[in-house]
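*Asks:* pasting the sequence and the predicted coordinates here, then a few questions.
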Amino acid sequence: MVLAIINGLITSVILETIVLMRQNLGFSKAFKTAIGMSFLSMISMEVALNLTEYLLTGGAILTWWVIPIMLLVGFLTPWPYNYWRLKKFNIVCH
């Protein structure tokens with residue numbers, strides 16, 4: 001489960017850095033922005049996805065019927081944080 005969380009975070013940061021670099025930000029600024037934008041919401045999403053899978057299947061057993069439930073829980077979990085950040089700082093997390 002920890003490995004899945006780490007892989008999800010690394011993938012997200014890499015993809016966001018690439019997208020930001022294509023918007024004419026340098027690598028350093030793009031990387032710092034990617035880390036600052038979504039690190040907390042990504043951690044909460046990854047933990048929610050993996051915990052849902054574990055609780056519903058009894059282990060790290062990915063089956064077809066658990067995927068829609070995992071995706072819904074993973075989407076809803078960081079939503080309050082993202083909403084709060086947008087309203088308080090007028091900053092989009094993703």
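*Replies:* Sure, I can see it. Residues are numbered from 1 along each chain as shown.
*Asks:* just give me the longest helix of the protein.
*Replies:* helix 27-57 (DSSP state H).
*Asks:* chain center to that helix: distance?
*Replies:* In terms of Cα atoms, centre = their mean, to the nearest Å, the centre of helix 27-57 is set 3 Å apart from its chain centre.
*Asks:* who's in contact with the following helix or strand past that helix?
*Replies:* Moving toward the C-terminus from helix 27-57, the next helix or strand (DSSP states H and E) is helix 66-76. If you take Cβ atoms under 8 Å, 6 or more residues apart in numbering as the criterion, helix 66-76 is touched by 45-46, 48-49, 52-53, 56-57. All C-beta spots, glycine's among them, are computed from the backbone N, C-alpha and C.
*Asks:* for the helix or strand following helix 66-76, what is the average pLDDT?
*Replies:* The element immediately downstream of helix 66-76 (helix or strand, assigned by DSSP H and E) is helix 79-89. For helix 79-89, mean pLDDT rounds to 80.
*Asks:* tilt between helix 79-89 and helix 27-57?
*Replies:* Going by axes from the mean of the first three to the mean of the last three Cα atoms, to 10 degrees, helix 79-89 is angled at 150 degrees with respect to helix 27-57.
*Asks:* pull helix 79-89 out as CSV, backbone CA atoms only.
*Replies:* Taking Å, rounded to 0.1, in the frame of the first residue of the first chain, the C-alpha atoms of helix 79-89 are listed here in CSV:
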residue,chain,number,x,y,z
TRP,A,79,-12.7,17.7,-2.2
PRO,A,80,-13.1,19.6,1.1
TYR,A,81,-9.4,20.6,1.2
ASN,A,82,-9.4,21.7,-2.4
TYR,A,83,-12.6,23.7,-1.9
TRP,A,84,-11.2,25.3,1.2
ARG,A,85,-8.0,26.2,-0.5
LEU,A,86,-9.8,27.7,-3.5
LYS,A,87,-12.1,29.8,-1.3
LYS,A,88,-9.5,30.9,1.2
PHE,A,89,-6.5,31.6,-1.0
